[in-house]
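S.K.: based on what follows, work out the 3D shape:
(2 chains)
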2 protein chains.
Amino acid sequence: MREQDPLVIFTPSGKRGRFAKGTPVLQAARSLGVDLDSVCGGRGICSKCQITPSYGDFPKHGVHVAEGALSAWNAVEQRYDDKRGLKPGRRLGCQAQVMGDVVIDVPPESQVHKQVIRKRADTRAITLDPATRLLFLEVEKPDMHEPSGDFERLSKALSAQWGVEGLTAGLSFLSKLQPALRKGGWKVTLAVHKDHTTAAPRAIEIWPGLHEDGLYGLAIDLGSTTIAAHLTDLRSGAVTASSGLMNPQIRFGEDLMSRVSYVMMNPGGDVEMTRAVREALSDLAKALAQEAGIAPELIVEAVLVCNPVMHHLMLGIDPVELGQAPFALATSSSLSLPASDLDFTGINPRARVYILPCIAGHVGADAAAVALSEAPEKSEDLVLVIDVGTNAEILLGNTSRVLACSSPTGPAFEGAQISSGQRAAPGAIERVEIDPETKEPSFKVIGCDLWSSDAGFAQAVGAGSITGICGSGIIEAVAEMRMAGILDPSGLIGSAEQVGTPRCIDEGRTHAYVLHDGTADGGPLISVTQGDIRAIQLAKSALYAGGRLLMDEMGVDHVDRVVLAGAFGAHISAKHAMVLGMIPDVPLDKVTSAGNAAGTGARIALCNIQARHEIEENVRRITKIETALAPAFQTHFVNANAIPHATDPFPNLRAVAPLPAVSYNTGGGDGGGRGGRRRRRG
Amino acid sequence: MREQDPLVIFTPSGKRGRFAKGTPVLQAARSLGVDLDSVCGGRGICSKCQITPSYGDFPKHGVHVAEGALSAWNAVEQRYDDKRGLKPGRRLGCQAQVMGDVVIDVPPESQVHKQVIRKRADTRAITLDPATRLLFLEVEKPDMHEPSGDFERLSKALSAQWGVEGLTAGLSFLSKLQPALRKGGWKVTLAVHKDHTTAAPRAIEIWPGLHEDGLYGLAIDLGSTTIAAHLTDLRSGAVTASSGLMNPQIRFGEDLMSRVSYVMMNPGGDVEMTRAVREALSDLAKALAQEAGIAPELIVEAVLVCNPVMHHLMLGIDPVELGQAPFALATSSSLSLPASDLDFTGINPRARVYILPCIAGHVGADAAAVALSEAPEKSEDLVLVIDVGTNAEILLGNTSRVLACSSPTGPAFEGAQISSGQRAAPGAIERVEIDPETKEPSFKVIGCDLWSSDAGFAQAVGAGSITGICGSGIIEAVAEMRMAGILDPSGLIGSAEQVGTPRCIDEGRTHAYVLHDGTADGGPLISVTQGDIRAIQLAKSALYAGGRLLMDEMGVDHVDRVVLAGAFGAHISAKHAMVLGMIPDVPLDKVTSAGNAAGTGARIALCNIQARHEIEENVRRITKIETALAPAFQTHFVNANAIPHATDPFPNLRAVAPLPAVSYNTGGGDGGGRGGRRRRRG
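M.R.: Take a look at the predicted model:
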């Protein structure tokens, strides 16, 4: 690089340097560390290195770019343009040579490390840096006089042409190698897996010639109830297709502990469950490949997150130890496995499956994925992250420290153990409002955009087709009942007389509030019973107590913000959650939903191998708090039984929500459900 | 270590040092690098560290050992002796403490690195240093407040107690881990595989408590015709059981090229052959485990050697490229695979299978194993190593350089393509002598110790039960025919009149020599025909030409010694081989048989991981010579057609063997078989 050499300035990076005339733009970019893609290694066939030169005066950069700043189109570019078409103004970076000072823009699609997941725009963006890459290679032909295996020459080419040393391969790859090399005339495209560890690079797939049909990965959130997967383009970071299905293990038990019990009662039951969930994963992968119209072999990676019980069942490890103290995991570290080890079909058999580390015996890889997505360790303010589910995963932290626990909320938040409860499906009441004056409800059901108070609702929904209440519906119903004075702070539903509405019906010793009477149309009577309130109280008390236990450990009595994660978290309103006392008191605008944060964490780990390193390190640093044996948990649990809370004042909530100081305790007991026998008065 | 500390001298190593009073002998041995075994790590339960103290005056060492030189028996030794019995004079090295100057003998069974294979006593002995070891561990119990996986705690214990870092494990190991830890009360014995590469140590098997049922490996020589395996005790190096079976691929083709042709003609045929050979390996392993009375899970390793075609077929790689120039291997490097990748049952599913590197497309891992066993690179004199088989592998070298080639001898040496030929089995003629005066033969058949000229032979063998000639029999027969003047140097069998025996019978244009006429008893007429001679000439010419090609490359016209390897090599006499001109002329006592050198090489690689490193390095350094395209090969081949040779003088041979200068060429052709049409005279 001499003073008189042309100056090359790359945008948007701003990187600049002087290069001898005739230097290809790709070479200049590489020597400056500019992020410019290339699969074919500069052979003018992959077109991944497209750049856009800019001409004219650039006072900002202090250069003038003349017409001949880059060499004229050459035959390779002309041929490529004829065949595939090059966008106006674009050049192939490997062909265009620097002839004078020039400003060169690298469009996003030519960048390898594109920003793909803007989840954490406030802290940092996730750039595309997946473990599996496509690399085009020219391999030496075999020479009888210097005999070496085709694989050894492939490995040598990979080292010489891409600087990737020590390639390894399994037998199924080796069996594909020779035909591919010969069909491609000793030019092949290799999919190479090299992750963040010291593990050697691994040959995943080979195609004759230049492979241009893309490369995909699956981000999988394997939940107790549902399995969700995102098919992700590993070259753009875009989600190509998403799909979900029910976890078939549900037939062995709705919640995790009942599945563990199933194994305890039925020796070999874990094998059945392992088979079921593995088949489901394969089915899901096949459905996604079909939806996207791609060959299964193009799916070369998967990242999997799940809770510890699903983790063990999916790996084929008996989960019984997770059902009893001290809740020992067979392994807590991250895992990288070939898909075939998991009987995972529907994707490339050599695809690597990365499974995030588990935090503890009750706090799984799904919680680690939430931590990766929400990054409490990068938050300046103190954030409480709650992944609401059958078992709630709770993280509390900021840049100084992160704590984690899980809390056994039970399935009430998912509509189970609720008299009219059902899964979130068409016909389920999902939103509820109750007029504080008339005590009349209005609600929405899944599958209909109208409220029940809107004209045309009955026709739109159809007679008798309102079937129950889903998780978010019961939370809103209970919170609205509390705000409307139908429910007192202790959780007692008042009688028709006490509340002043015939919707409060007598049910023996207790009362229920009728949300919808569909019996005239052959449908059900949908009410919130005293038992439902108790189930919700148990669940929300466990959730709140878990958060409080972490706050105790952190030495704080309030948090700065709350993040609700999980599919369920996306559907409940901050106000209703706080009225119920599910979460600590913060300004309502400080409660946000993270959507499926576990799934997002899986996508992040799929797209960026440094993120895998990061979460493995973070998991080690997270302080794990065991709720089951903490004495304070019981105290927090009891205090949290009141709605919203017996002792915590909730000033932010009281500023925005009416919390009538009613009391329906007629002195004869606690209203049922907690063991006291109610004496009926008069 | 202070001047006044007791002096401890270990024998046979002679290592010595001073240690504070109270130092356990095991600890003293370890700090001096004395080879003293221990599985339990000094807990007094495995008894592997037994030593024998010697008392009295040792002028050689300059010490007097008094009675109290070691601490008195303690309770642990007493308990061990009560339970298992300790040989007289023996102590447990981990319990006995140094109290005064002492001389301590480490008996061979207490040494880890025992000498086990004395194959190369002249160069070096093989010491026991296998890849898989048993290590006893005490693992921390799980702690709810510091949650970590059981595997992570196991790995930590391995690092702390044995200095083995970075343990890895597959799913099937992880699924066994938790029950074993709990059953063993957090004390377990681990079989850990750590080979000569940088690959991380790998957990193979786990047993609750102290495992004392041993640890085994299989050394397998997978030949085209037979598969031989030796079950080897990895703690003593001893061969516990050996067995062999026919390669079931024979039904797809007798020789390798016919198997390759089968694949070319029958797409998918390679899959059938792969399945067949894998099943045979599993059957063999099961038979050996049963014979030795051990559980299959105790076989934790295997080493496999084979030719390139078997290599590919066993790995599941289509061998067609090996059937045509340039004979490209899919991979030439050594391989380390889990047994399950090869569908290898009958051994531990997590056992690692090591496959030696291939030298070239025609010179396989079996040749590498021969090189490992015979170590031409350590020979001061120039040695020619010939592994005789359907394809002959030939090595030539000394400390300065080693060359290798293969030569397509065809199956004649194994009795195929011979009119009365058969496999080496009962009833086959295996030894032949012909009286040079009477021209009468005498022979031995497999399964009978008498010669046919001995009294009682006919009864011993039984009427009609002589069925054919095996490979060594045909070689002796042809060589004896040459020495008796029945055969001329060009390979022509003389007529009854020319030779002077009615055993030379007319067969149209040519003659045959009758070895045995069993027709009267319903048996066959066993003769050596002119066609048989031609087949042997083709085979031996190829073999000799291969050796000569290497000699040319080395720039020599003679070798110092010849080693005949292979099961076949063990059965042919040096003299007969040289009369035939199979091998170059050397003093007869310089021709030795190495037995199944490939199998020995496999055993060496099984018992000593440094040997694996060594052969991988040596294979890189070996110069590969391709016979198929070398112009000199054809010249050498033609000159070698004569018996013993047309131009090479064979002075050593002529000094000990009569080679009558007869000629039976009656001028009408070459006697048939080489394309000339014979005009019948008279």
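
S.K.: thought A:I583 was touching A:N652, still the case?
M.R.: No. Using CB atoms under 8 Å, A:N652 is not in contact with A:I583, being 10.9 Å away. Where you see a C-beta, it was placed from the backbone N, CA and C, and this is true even at glycine.

S.K.: so between those two, which is more surrounded?
M.R.: Using other CB atoms under 10 Å in any protein chain shown as the criterion, A:N652 and A:I583 rank with A:I583 on top: 24 against 18.

S.K.: pretty sure that one sits in a strand.
M.R.: No. Counting by DSSP: H, G, I helix; E, B strand; the rest coil, A:I583 falls outside a strand, being coil.

S.K.: and the residue lying closest to it once chain neighbours are set aside, which helix or strand is it part of?
M.R.: Of all residues not flanking A:I583 in the chain, A:V562 sits nearest, at 4.9 Å (CB to CB, 6 or more residues apart in numbering or on different chains). Following DSSP states H and E, one finds A:V562 within strand A:561-565.

S.K.: not counting the helix or strand just after that strand itself, show me its contacts.
M.R.: Counting by DSSP H and E, the element after strand A:561-565 in chain order, helix or strand, is helix A:566-569. For helix A:566-569, the surrounding residues in contact (CB atoms under 8 Å, 6 or more residues apart in numbering or on different chains) are A:226, A:228, A:386-389, A:413-414, A:471-472, A:593-598.

S.K.: show me which of these is closest to chain B.
M.R.: Nearest to chain B among those, counting by CB to the nearest CB, is A:D387 at 17.8 Å.

S.K.: next up, the contacts around the closest one.
M.R.: Taking CB under 8 Å, 6+ apart, we find A:D387 in contact with A:D366, A:A367, A:V370, A:E393, A:I394, A:A565, A:G566, A:G569, A:A597, A:A598.

S.K.: just among these, which is most surrounded?
M.R.: A:A598 (35 neighbours).

S.K.: what helix or strand is that residue on?
M.R.: helix A:597-607.

S.K.: dump that helix to CSV, restricted to CA.
M.R.: Presented in CSV, the C-alpha positions along helix A:597-607 are these (Å, rounded to 0.1, in the frame of the first residue of the first chain):
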residue,chain,number,x,y,z
ALA,A,597,-38.8,-15.3,24.4
ALA,A,598,-37.6,-18.9,24.6
GLY,A,599,-38.2,-19.3,20.9
THR,A,600,-36.5,-16.1,20.2
GLY,A,601,-33.5,-17.2,22.3
ALA,A,602,-33.4,-20.4,20.2
ARG,A,603,-33.4,-18.3,17.0
ILE,A,604,-30.6,-16.1,18.4
ALA,A,605,-28.5,-19.2,19.2
LEU,A,606,-29.2,-20.6,15.8
CYS,A,607,-28.1,-17.4,14.0
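
S.K.: roughly how far is it from the heart of the chain?
M.R.: Remark: helix A:597-607 is offset 5 Å from the chain centroid, using CA atoms, centre = their mean, to the nearest Å.

S.K.: mean confidence for it?
M.R.: Averaging pLDDT along helix A:597-607 gives 93.

S.K.: cool, stretch A:550-566 as well?
M.R.: For stretch A:550-566, the mean pLDDT works out to 94.

S.K.: tell me how far it lies from the chain's centre.
M.R.: 21 Å.

S.K.: end-to-end on it?
M.R.: 20 Å (CA to CA, to the nearest Å).

S.K.: what are the bridge partners for A:A565, then?
M.R.: Judged by DSSP bridges, the bridge partners of A:A565 are A:D387, A:G595.

S.K.: what sits against A:F327?
M.R.: A:F327 neighbours (CB under 8 Å, 6+ apart): A:P308, A:E321, A:A360, A:G361, A:H362, A:E626, A:A628, B:P142, B:M144, B:P147.

S.K.: the last one contacts A:T331, correct?
M.R.: No. Taking CB under 8 Å as the contact criterion, B:P147 and A:T331 are not neighbours in contact, 11.8 Å apart.

S.K.: are any of the contacts of helix A:566-569 buried, and which?
M.R.: Buried members of the contacts of helix A:566-569, counted by 16 or more other CB atoms under 10 Å in any protein chain shown: A:226, A:228, A:386-389, A:413-414, A:471-472, A:593-598.

S.K.: does A:N618 lie in a helix or a strand, and which?
M.R.: Using DSSP H and E, A:N618 sits within helix A:609-621.

S.K.: in that helix, which residues are buried?
M.R.: Applying 16+ other CB under 10 Å to helix A:609-621 flags A:I609, A:A611, A:R612, A:E614, A:I615, A:E616, A:N618, A:V619 as buried.

S.K.: just want the residue of the stretch 401-550 of chain A that's nearest chain B.
M.R.: The nearest approach of the stretch 401-550 of chain A to chain B comes at A:A404, 10.0 Å away (CB to the nearest CB).

S.K.: can you give me the first-to-last residue distance of stretch A:57-67?
M.R.: First-to-last distance for stretch A:57-67 - CA to CA - comes to 11 Å.

S.K.: same check, this time on stretch A:499-516
M.R.: 18 Å.

S.K.: who has more neighbours, B:P147 and A:T331?
M.R.: When neighbours are counted by other CB under 10 Å, B:P147 and A:T331 differ, and A:T331 comes out ahead with 27 against 22.

S.K.: does that one really touch B:G149, like I thought?
M.R.: Yes. The criterion here is CB under 8 Å, and A:T331 meets it with B:G149 at 4.0 Å.

S.K.: downstream of the lowest-mean-pLDDT helix or strand in chain A, the next helix or strand is which one?
M.R.: Using mean pLDDT, DSSP states H and E, the weakest-scoring helix or strand in chain A turns out to be strand A:115-117, at a mean of 60. With elements assigned by DSSP H and E, the helix or strand that comes after strand A:115-117 is strand A:126-127.

S.K.: list the neighbouring strands of that next one plus their orientation.
M.R.: In the sheet, strand A:126-127 lines up with strand A:115-117 (antiparallel) (DSSP bridges).

S.K.: and A:M99, how many neighbours?
M.R.: 17.

S.K.: so it is in contact with A:S71, correct?
M.R.: Yes. A:M99 is in contact with A:S71 according to CB under 8 Å; the separation is 5.6 Å.

S.K.: find residues that contact each of those two.
M.R.: Listed as contacting both A:M99 and A:S71 by CB under 8 Å, 6+ apart are A:G22.

S.K.: could you work out the end-to-end span of stretch A:572-585 for me?
M.R.: Counting by CA to CA, you get 16 Å between the two ends of stretch A:572-585.

S.K.: quick one: mean pLDDT for that stretch?
M.R.: Per-residue scores along stretch A:572-585 average to 93.

S.K.: against A:Q498, how distant is A:K439?
M.R.: Per CB to CB, to the nearest Å, A:K439 is found 11 Å from A:Q498.

S.K.: surely A:P658 forms part of a helix?
M.R.: No. A:P658 sits outside any helix when classified using three-state DSSP, being coil.

S.K.: which residues does the residue nearest to it when sequence neighbours are not counted contact?
M.R.: Nearest in space to A:P658, with sequence neighbours left out and distances taken as CB to CB, 6+ apart, is A:M483 at 5.3 Å. Counting by CB under 8 Å, 6+ apart, A:M483 touches A:I434, A:P436, A:V579, A:A657, A:P658, A:L659, A:P660.

S.K.: do the same with A:M257
M.R.: A:G323.

S.K.: next, it: secondary structure please.
M.R.: Classified using three-state DSSP, A:M257 is helix.

S.K.: please confirm that A:L181 is located within a helix.
M.R.: Yes. A:L181 sits within a helix when classified using three-state DSSP.

S.K.: what sits against it?
M.R.: Contacts for A:L181 were tallied using CB under 8 Å, 6+ apart; they are A:V139, A:D150, A:L154, A:V188, A:I206, A:P208.
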